[in-house]
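A.B. asks: Mind looking at a prediction? Sequence and model below.
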Amino acid sequence: MARAFNLTMESGKNEKFTPDEMVSHLVESEWDERYNRKLDRTLQAARFRYKASPGEIAFEDNRVDKNQVLRLADCEFIKSKENIIITGSTGIGKSFLASALGHQACAQGYRVLYQHNTKLFARMKIAKADGSYLRELTKIEKQHLLIIDDFGIQPLDAQSRSALMEIIEDRHGKASTIITSQVPVSMWHEIIGEQTIADAILDRIVHDAHRVEMKGESLRKKRQPKNEEQIDFENLKN
């Protein structure tokens, strides 16, 4: 507020303001500053893989249902404690979409945590060994939105399966989770293993989940020819 006051005085804009308008301007400046600082802290704590927004998502070639994505971007699913499952082939933009929805949630004041599948379970194993496991579980439980990216890259071992069960159980009906995977949901039983535990986990994840299926060619493959042309051009120059 003090900075806004000084800038207003230096620019001479104060002469155009009535006293009420001046107070309103200073209050709005203070609110904007506090909101931006809080948003920065929230984004840093979330540890997103991509800096993304719904407006940057590629909807061409019917890659993903635009109407569905825009509906999810209003974050009503978080208020309703619902989950989202995003599936599709590698490189198609699943992680970017999940990050975009996560950024949108942060902008609306929700606490968000992005976790890559492999790193999440590796960290939980370390926490189990050093005695910080319950603290890690509590941290995850407090998030309004948890994003687990690249689920199903490899089958879960007993420790990872147990950790996933506890994470999902703690969040079921209390908070939302977004899971991205290149493995179809029909194959998740095999990924999780242990039929009884797999049934319990999937019942809690899939029951009220919004399904987003992404289709089309890998975006990485589409970029590849351009890179190759650039390399050839550089070779010609040399």
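C.D. replies: Structure received.
A.B. asks: Show the model's pLDDT score for E82.
C.D. replies: With respect to pLDDT, E82 has a value of 96.
A.B. asks: T177 belongs to a helix?
C.D. replies: No - with DSSP: H, G, I helix; E, B strand; the rest coil as the criterion, T177 is strand rather than part of a helix.
A.B. asks: For it, grab the count of nearby residues.
C.D. replies: T177 has 22 neighbours, counted by other Cβ atoms under 10 Å. (Glycine included, C-beta is placed from N, CA and C.)
A.B. asks: Do I have it right that it meets L145?
C.D. replies: Yes - the pair T177 / L145 is scored as a contact, 7.3 Å apart, by Cβ atoms under 8 Å.
A.B. asks: Now do the shared contacts for these two.
C.D. replies: With contacts defined as Cβ atoms under 8 Å, 6 or more residues apart in numbering, no residue is shared by T177 and L145.
A.B. asks: how is the protein carved up into domains?
C.D. replies: Annotated domains of the chain cover 2-44, 47-220 [automatic domain parsing].
A.B. asks: mind listing the helices for the chain?
C.D. replies: 2-11, 19-46, 66-72, 76-79, 94-107, 117-130, 133-141, 158-171, 188-192, 195-206, 219-237 (DSSP state H).
A.B. asks: if we look at the fifth one, which residues are touching it?
C.D. replies: Counting by Cβ under 8 Å, 6+ apart, helix 94-107 makes contact with 39, 42-43, 46, 48-54, 56-57, 64, 69, 72-73, 75, 78, 84, 86-88, 112, 114, 144-145, 147, 149-150, 178, 180-182, 212, 214, all of which sit outside it.
A.B. asks: 7 Å - rerun?
C.D. replies: With contacts defined as Cβ atoms under 7 Å, 6 or more residues apart in numbering, helix 94-107 is touched by 39, 42-43, 46, 48-50, 52-54, 56-57, 64, 69, 72-73, 75, 78, 86, 88, 112, 114, 144-145, 147, 149, 178, 180, 214.
A.B. asks: In a markdown table, list the helices of the chain along with mean neighbour count and mean pLDDT.
C.D. replies: What follows is the helices of the chain, written out as a markdown table (neighbours: other Cβ atoms under 10 Å; pLDDT from 0 to 100):
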| stretch | mean neighbour count | mean pLDDT |
| --- | --- | --- |
| helix 2-11 | 12 | 78 |
| helix 19-46 | 13 | 76 |
| helix 66-72 | 14 | 93 |
| helix 76-79 | 16 | 96 |
| helix 94-107 | 23 | 94 |
| helix 117-130 | 16 | 94 |
| helix 133-141 | 15 | 94 |
| helix 158-171 | 18 | 95 |
| helix 188-192 | 17 | 94 |
| helix 195-206 | 15 | 93 |
| helix 219-237 | 10 | 49 |
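A.B. asks: distance of A98 from D149?
C.D. replies: According to Cβ to Cβ, to the nearest Å, A98 stands 6 Å off from D149.
A.B. asks: okay, and the common contacts of the two?
C.D. replies: T180.
A.B. asks: Skipping its backbone neighbours, what lies nearest P184 in space?
C.D. replies: Of all residues not flanking P184 in the chain, T87 sits nearest, at 6.2 Å (Cβ to Cβ, 6 or more residues apart in numbering).
A.B. asks: Looks like the one you found contacts W188 (just checking).
C.D. replies: No - counting by Cβ atoms under 7 Å, T87 sits too far from W188 to count as a contact (10.0 Å).
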